[in-house]
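**Student:** fold the stuff below for me.
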Amino acid sequence: MKRNKIAYSAAALALTLLASGCEEQIMEWKPGDPTVEISEIPLQLQEQIMLYKPIKDYVAQYHPHLNLAIGIGADMYLSDPDYKAVVDENFTGITLGNAMKMGVLMKSNGTLDFTTVDKVLASLPQGMKFYGHNLLWHTQQQQAYLKSLIAPQMVLPLQATAALPTSSQTLTSKTAHEPAGPATEATTP
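**Tutor:** Residues are numbered from 1 along each chain as shown. As a prediction, the model looks like this:
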């Protein structure tokens, strides 16, 4: 009897806690503005932020031989001076994202166009390391050019080549619907 009272009391307490823990208030999510204007930051915090050194300086304190590189988009690096300044100030090396993949570098006739890569190289600060990216990538290939390399050639499996006539044998162009006769047979000179 005593155990039943304890069990009922525990069950009642658990139900009470469960029922009171369920709140039906739904949180509303609103899209925020990711930009923060400098005027919105308190002056004291602005001063603290301005005292920070570039990331590469902090890395150099603890790992002097570590190259701190970042993957970037070539177009944004070339067109946005603020973006370029942040990359140049904080990192010791870069890797271009898609600008160095085969689909971008190679034209449909097979020629390579390094115009964008050359512009990035010319705009890098002294001492900045430059790393390549995947030249061969499974999804970004110049399909038109690659297909043109094999289009004029027919590749046959090894078993099928044994059935082909040799250069000393000739076949006529008669079809299977024409009557059989001496002209439809292979001749050997």
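
**Student:** please pull out the lowest mean pLDDT helix or strand from this protein.
**Tutor:** helix 158-161 (a mean of 60; mean pLDDT, DSSP states H and E).

**Student:** how close does Leu158 get to Leu149?
**Tutor:** 21 Å (CB to CB, to the nearest Å). Heads up, the C-betas are built off the backbone N, CA and C, glycines and all.

**Student:** over to His65?
**Tutor:** For His65, the distance to Leu149 - CB to CB - is 43 Å.

**Student:** the more surrounded of these two?
**Tutor:** Leu149 (9 against 5; other CB atoms under 10 Å).

**Student:** which strand or helix spans the more buried one?
**Tutor:** helix 143-150 (DSSP states H and E).

**Student:** so what does that helix touch, helix or strand wise?
**Tutor:** Using 3 or more CB pairs under 8 Å, 6 or more residues apart in numbering; DSSP states H and E, no helix or strand is in contact with helix 143-150.

**Student:** which parts of this structure are helices?
**Tutor:** 2-21, 43-51, 55-62, 74-79, 81-90, 102-105, 115-123, 143-150, 158-161 (DSSP state H).

**Student:** quick one, the fifth one and helix 55-62 angle?
**Tutor:** When axes from the mean of the first three to the mean of the last three CA atoms, to 10 degrees is applied, the directions of helix 81-90 and helix 55-62 differ by 10 degrees.

**Student:** just the C-alphas of helix 81-90, formatted as CSV.
**Tutor:** Taking C-alpha atoms only, helix 81-90 is exported to CSV below (Å, rounded to 0.1, in the frame of the first residue of the first chain):
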residue,chain,number,x,y,z
PRO,A,81,38.9,46.7,-52.5
ASP,A,82,37.6,46.1,-49.0
TYR,A,83,37.6,42.3,-49.5
LYS,A,84,41.1,42.4,-51.0
ALA,A,85,42.4,44.5,-48.1
VAL,A,86,41.0,42.1,-45.5
VAL,A,87,42.6,39.1,-47.3
ASP,A,88,45.9,40.8,-47.9
GLU,A,89,46.1,42.0,-44.3
ASN,A,90,45.2,38.8,-42.5
